[in-house]
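In: Turn this into a model:
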Amino acid sequence: MAVQHAAAHTSGTALRRTGTRRSAARHTADAVPTALTASGAALATARIALGAVFLWAFADKTFGLGYSTADGRAWLDGASPTKGFLSHVAAGPFQDTFHSMAGQAWADWLFMLGLLGIGLALVGGVALRIAAAGGTVLLALMWAAEWPPARHLADGTASGSTNPLLDDHVLYAVLLVALAATGAGRTWGLARRWAALPVVRDRAWLR
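Out: Residues are numbered from 1 along each chain as shown. Purely as a prediction, here's the structure:
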């Protein structure tokens, strides 16, 4: 009888432990999708917001919406979207290079197509690796044009730089890479449909 009681007690204890483990496992399983959904939504929000930044810059420079581009100075009006910025570069070792690029048709087209392509890719959640690579190059050039390490401009006036390395261009580039690395286009995006396309399926770099 004692043996049977001990066996029953041991069996009951084991069942309780098993039940506890199963309950904990169910709790964990229930919690994981919520966490993944929350992180996916956060990344998707950041992705779409950053895409909107690029698309707004494209729209403002194309149509002259009156913010950074005045009415009548739009690309469609015949004005150059790069001349004003690049011709006024006044710090850093690449001043002459940027001055020579200012207003060039090829520079205008590359800049504007870059803004449009990166913006559409981010909002749509597709080709994020290409967008991250192209966006990082574009942002690096813009960083070099502003040259935050300089405390003074070529004429000796204060540059207004608040940090010699990190500015919004660097942060945007880091965010682009993070979005591509985490596959942020799967939430609120077309990443899965894009990845299923035959031309994309066998070429990971297109994702």
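
In: for this protein, what spans make up the helices?
Out: Taking DSSP state H as the criterion, the chain carries its helices at 2-63, 83-86, 95-101, 105-124, 128-146, 168-181, 191-196, 198-201.

In: Residue 75 is nearest to which of those?
Out: helix 2-63 (4.8 Å; C-beta to C-beta). Placement of C-beta: from N, CA and C, glycine included.

In: export the helices of the chain to a markdown table and tack on distance to residue 73 and mean pLDDT?
Out: As requested, the helices of the chain are exported to a markdown table (distance: least, C-beta to C-beta, whole Å; pLDDT from 0 to 100):
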| stretch | distance to residue 73 | mean pLDDT |
| --- | --- | --- |
| helix 2-63 | 9 | 67 |
| helix 83-86 | 8 | 95 |
| helix 95-101 | 19 | 97 |
| helix 105-124 | 13 | 98 |
| helix 128-146 | 19 | 98 |
| helix 168-181 | 23 | 98 |
| helix 191-196 | 36 | 95 |
| helix 198-201 | 39 | 93 |
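
In: Dump those into JSON lines; add distance to residue 74 and mean neighbour count as well.
Out: Compiled in JSON lines, the helices of the chain are given as follows (distance: least, C-beta to C-beta, whole Å; neighbours: other C-beta atoms under 10 Å):
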{"stretch": "helix 2-63", "distance to residue 74": "5", "mean neighbour count": "13"}
{"stretch": "helix 83-86", "distance to residue 74": "12", "mean neighbour count": "18"}
{"stretch": "helix 95-101", "distance to residue 74": "20", "mean neighbour count": "15"}
{"stretch": "helix 105-124", "distance to residue 74": "11", "mean neighbour count": "19"}
{"stretch": "helix 128-146", "distance to residue 74": "20", "mean neighbour count": "20"}
{"stretch": "helix 168-181", "distance to residue 74": "24", "mean neighbour count": "18"}
{"stretch": "helix 191-196", "distance to residue 74": "32", "mean neighbour count": "15"}
{"stretch": "helix 198-201", "distance to residue 74": "34", "mean neighbour count": "11"}
